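>>> I'd like to go over a predicted model; first the sequence, then the structure.
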Amino acid sequence: MPDGLNFYALSLLIPVLVSIFLAIQGLKSRYAARGRLFALLMFLIAGWSAFYGLELSADTKAEMMFWLKIEYLFIPYVPLVMLFVVQQYAGLDMRFKLKQLIYLLPIPVLTMVLSLTNEYHNLYYENIVLRTDGDIPLLQLEVGIWYYVHMGYAYLLIIAALVILIQKLIFQRSLFRNQLIFMLVAFIIPVISLSLYLLDLFPIENIDPTPFAFAFTGLAMSVSILRYRLLDLMPIAREHVFRSMVDGLVVIDLKNRIVDVNPESIKIFNWKRMPYGESAETIWYEFPQLVNHLRSRESDTLELEIPVEDKLRYYLISNSLIKNHKDKHVGFLLIIHDITMRYQMQRAIRLNQEKLRELNAEKDKLFSVIAHDLRGPLGTFAGLTELIMQQPDDISPEEMQQLALDMNKSARSLLELLENLLFWSRMQRDDVQINLSSLQPDLFVNDTLNLFQDAVRNKNLRVVNVLKSVKVIADEHMLMSVLRNLISNAVKFTPKGGIIHIKIDQFDAEYASIRIKDSGIGMDQQLIDKLFSIEAKVGRPGTEGEPSSGLGLILSHEFIEKMNGKLLIESEQGKGSTFTVLLPRAN
C-alpha cells in the first residue's frame, strides 16, 4: 500500500464530511444559538476524526505524535459540549449551564495542556511505542494517571447526558420521541466503541474505534435533523411559543405525569425545579379541585385560587387533548390563564351593585321616614295648634297645660327623629368626624335621662341606676347619640308602671359595659335578626303610640362599631329587652 494511504485513514473521511455537513446545518440562521452549540460539537468531532485519520496515515513516530497532540485540541471538549447540547435540547436554563462551565471547564483545559506537554512529565501517557508489526504503523499507548482522570470525567458527563435523554424519552410527548431516539442512538454508539477500546475488547489492537463510530453518529444525527427537524422544531415550537407564553402551560400524559412545563407555570406554582415525570396528584395535592378536574378527563374550565408571592391570584384552567399523527389521544395540555384582574373587576362590579342596592333601600327608607314618621309628630303638632287657634277662649288653663305637654311631646319626638336623620345622612356620606378620647359613660347617662324625665314621669316608670365610674375610649357625640337612642327605646317600649335598669360596669379586661334593660314588650328572634337591616321595616309604635322608625337603632349600631365596640341584644316577646354596649376600656 502506498505511503500515507490506508483503508483506516480513508474511512475516517466519512465521519469528517458528515460532521462538517451537520456543523454547516447547525450554523444556519434559523437555528439561532441552539444550532451554533450543536455546530461546535460537530466541529469538535470532525477535528478529532480528521486528525486521527492523519495520525493513522503517518509513517513515523514523530508525525504520529504531532497529529496526536493536535487531536487533543478537540478530544477533551467533546463530552462537555455533548452534555450542553443535550441540556439545551431538554430546555434547561442557559444560566445554569454557564455556572456549570466554570466548574467543568478546568479538567478539559488541563487535559489538553498535559497531553501537549506530555514528554516533560508523562502524566498523560507514561510511554509511547511505535508498532510496525501490523498492517500499518500504529502507536501503542501506555496511559498515565491523568488519562484515567480524563476518562472518568468524560464518562460522568456522557452518563449525565444519556440520563437526561432517557428521562426525556420516557416522559416526552410523542411529537419529539423520534428525535430523541435518533439522538440517543447517535450518542450511545461512540460510547460503546470507546468502552470496547478501553477494555481491550476491540478486535483490532491499538486502533481507537471511537472516531469511526462517529460516522454512525453523524448518520443518526442527519436523520434526526433532516427527517425529524431536530434543530428546527425545538427552537421555534418550544422556545418561541411554549416558553414565551404569558399563560402557564403544563403537558400531562395519560398516566397524569408531568411531561413538560413552561416558565410561567413554574412561577405560578412556585416549583423549585422542573417536575418532569412527577405525578400530578403529588405535586398538586394542595389543589384537590385541580386533581379531580384532571381525573375527570373533562374539557370544562376550572377557576382556581392560588397564592403567588404571598398574594392570592385567580386562574382559569382549561385543558385540551393532545393527539399524535394517528389521531390517538396521548395526553393533555393544561392552559392556566391569569384572571385576577377580571375577578377583581367582577368583584368591584358586585360590590357596586350591592352598594347601589343598599343606596336604593336607604333612599326608600328615607322617603318612608319622611312620609310616615315625620307625618305623625307634625300632624299632631299642627292639630294642636289649630285647636288653640279655633277655640282660644274655651280652653281652660288645665287643658292648655295638657295641650302644651302634647305639643312638647310631638316636638321632642320630631327633634329626635330629625337628629337621627341628620346623623344617618352624614354617615352615608362618610361625613362624620370620629374623635376618640377617654370618657366616663356614667356622666352622660344622667344627662340623657334628664331629656326623658317627662316621659318617664307620665308613664310612671321606675329607673334603677347602678353606675360605676369606668373610663372608655369613645367619641363624645356618638356616645351621647347611642345612649339617647337606647334609653329612648327603653322608655318608648316599656308600658306604664314598668322598670328600666341601667348598669355600667367592667365587662372584662378589654371592655366596659353599658347595659340598658327594660320590662317592655320585647322582641322575637325574627325581629332581632332584622334590626340592623336598612331594608327591613322594623319600626313599630311605642306602648302609648309613640312613633318609631327603627333608624335610631341602626345608627347606634354603626356608631358603636366605629368606636371599636360591640352591641349585644337579648330579648323575649312580652318580657322585655336588654341592650349591652361594649366599649374598649381606657388604660
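Structure's in. What do you need?

>>> contacts and neighbour counts: CA atoms only from here.
Noted.

>>> Strands of the stretch 351-500 of the chain, residue ranges please.
Read by DSSP state E, counting those that start in this stretch, the stretch 351-500 of the chain holds these strands, from start to end of the chain: 436-439, 462-467, 472-475, 499-506.

>>> can you put these in a markdown table and add distance to Asp310 and mean pLDDT?
Shown next, in a markdown table, are those (distance: least, Cα to Cα, whole Å; pLDDT from 0 to 100):
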| stretch | distance to Asp310 | mean pLDDT |
| --- | --- | --- |
| strand 436-439 | 34 | 91 |
| strand 462-467 | 49 | 90 |
| strand 472-475 | 35 | 92 |
| strand 499-506 | 41 | 92 |
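
>>> Distance to Thr580 added to the ones you listed, as a markdown table?
Shown next, in a markdown table, are the strands of the stretch 351-500 of the chain (distance: least, Cα to Cα, whole Å):
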| stretch | distance to Thr580 |
| --- | --- |
| strand 436-439 | 17 |
| strand 462-467 | 14 |
| strand 472-475 | 14 |
| strand 499-506 | 9 |
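
>>> so which of those strands gets nearest Arg585?
Of all the strands of the stretch 351-500 of the chain, strand 472-475 sits nearest to Arg585, with 4.3 Å by Cα to Cα.

>>> Going along the chain, name the helices of the stretch 251-400 of the chain.
Here the stretch 251-400 of the chain has its helices, by DSSP state H, counting those that start in this stretch, at 263-269, 280-283, 288-296, 340-368, 375-390, 397-428.

>>> and the shortest one, average pLDDT?
The one in question is helix 280-283. Helix 280-283 shows a mean pLDDT of 86.

>>> buried stuff in that helix?
Of the residues in helix 280-283, 280-281 count as buried by neighbour count, 16 or more other Cα atoms under 10 Å.

>>> In terms of secondary structure, what does it contact?
Taking 3 or more Cα pairs under 8 Å, 6 or more residues apart in numbering; DSSP states H and E as contact, there are no helices or strands that helix 280-283 lies on.

>>> Please verify my assumption that Leu10 contacts Tyr52.
No - applying Cα atoms under 8 Å as the test, Leu10 and Tyr52 come out as separate, 10.7 Å apart.

>>> Between those two, point out the one with more neighbours.
Higher neighbour count among Leu10 and Tyr52: Tyr52, with 26 against 15, using other Cα atoms under 10 Å.

>>> Quick check: closest non-adjacent residue to the more buried one.
Excluding its sequence neighbours, the residue lying closest to Tyr52 (Cα to Cα, 6 or more residues apart in numbering) is Glu71, at 6.5 Å.

>>> before we move on, the earlier item: show me which of the strands of the stretch 351-500 of the chain has the highest average neighbour count.
strand 472-475 (a mean of 23; mean count of other Cα atoms under 10 Å).

>>> quick one: that strand to chain centroid distance?
Distance, stretch centre to chain centre, for strand 472-475: 41 Å (Cα atoms, centre = their mean, to the nearest Å).

>>> now stretch 123-134
65 Å.

>>> check contacts around Ala50.
Each residue near Ala50 by Cα atoms under 8 Å, 6 or more residues apart in numbering is listed here: 12-13, 16.

>>> could I get those as JSON lines with neighbour count, distance to Ser533 and secondary structure?
Shown next, in JSON lines, are the contacts of Ala50 (neighbours: other Cα atoms under 10 Å; distance: Cα to Cα, whole Å; DSSP: H, G, I helix; E, B strand; the rest coil):
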{"residue": "Leu12", "neighbour count": "23", "distance to Ser533": "93", "secondary structure": "coil"}
{"residue": "Leu13", "neighbour count": "17", "distance to Ser533": "93", "secondary structure": "helix"}
{"residue": "Val16", "neighbour count": "27", "distance to Ser533": "88", "secondary structure": "helix"}
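
>>> Can you name the next helix or strand after the strand or helix carrying Val149?
Using DSSP states H and E, Val149 falls within helix 145-171. Proceeding N to C from helix 145-171, the next assigned helix or strand is helix 177-198, under DSSP H and E.

>>> Give the buried residues for that next one.
Neighbour count says helix 177-198 has 177-180, 182-191, 193-194, 196-197 buried, by 16+ other Cα under 10 Å.

>>> Just the CA trace of it, in PDB.
Provided in PDB are the C-alpha atoms of helix 177-198 (Å, rounded to 0.1, in the frame of the first residue of the first chain):
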ATOM      1  CA  ARG A 177     -39.900  10.900  20.500                       C
ATOM      2  CA  ASN A 178     -38.400  10.100  17.200                       C
ATOM      3  CA  GLN A 179     -35.900  13.000  17.500                       C
ATOM      4  CA  LEU A 180     -35.000  11.600  21.000                       C
ATOM      5  CA  ILE A 181     -34.500   8.100  19.800                       C
ATOM      6  CA  PHE A 182     -32.100   9.100  17.000                       C
ATOM      7  CA  MET A 183     -30.200  11.500  19.200                       C
ATOM      8  CA  LEU A 184     -29.800   8.700  21.900                       C
ATOM      9  CA  VAL A 185     -28.500   6.300  19.300                       C
ATOM     10  CA  ALA A 186     -26.100   8.900  18.000                       C
ATOM     11  CA  PHE A 187     -24.500   9.300  21.400                       C
ATOM     12  CA  ILE A 188     -24.600   5.700  22.500                       C
ATOM     13  CA  ILE A 189     -22.700   4.300  19.500                       C
ATOM     14  CA  PRO A 190     -19.400   6.200  20.200                       C
ATOM     15  CA  VAL A 191     -19.700   5.500  23.900                       C
ATOM     16  CA  ILE A 192     -19.900   1.700  23.200                       C
ATOM     17  CA  SER A 193     -16.900   1.900  20.800                       C
ATOM     18  CA  LEU A 194     -14.800   3.800  23.400                       C
ATOM     19  CA  SER A 195     -15.700   1.300  26.100                       C
ATOM     20  CA  LEU A 196     -14.600  -1.600  23.900                       C
ATOM     21  CA  TYR A 197     -11.300   0.100  23.200                       C
ATOM     22  CA  LEU A 198     -10.600   0.900  26.800                       C
END
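
>>> quick one: it to helix 145-171, angle?
Interaxial angle, helix 177-198 versus helix 145-171 (axes from the mean of the first three to the mean of the last three Cα atoms, to 10 degrees): 160 degrees.

>>> Beta-bridge partners for Leu316, please?
Listed by DSSP bridges, the beta-bridge partners for Leu316 are Glu303, His337.

>>> so what's it up against?
Counted by Cα under 8 Å, 6+ apart, Leu316 has contacts 301-304, 336-339.

>>> Run through who's touching stretch 108-127.
69, 72-73, 76-77, 141-147, 150.

>>> if we go to 6 Å?
69, 72, 76-77, 142-147 (Cα atoms under 6 Å, 6 or more residues apart in numbering).

>>> Out of the residues you listed, grab the one that's most surrounded.
Pro76 (24 neighbours).

>>> Please read off the pLDDT at the closest residue to that one other than its chain neighbours from the model.
Spatial nearest neighbour of Pro76, chain neighbours left out: Pro108 (4.8 Å); criterion: Cα to Cα, 6+ apart. With respect to pLDDT, Pro108 has a value of 93.

>>> so how many other residues sit close to Pro108?
Neighbour tally, Pro108, other Cα under 10 Å: 22.

>>> what's the answer for Ile252, then?
So Ile252, with other Cα under 10 Å, has 29 neighbours.
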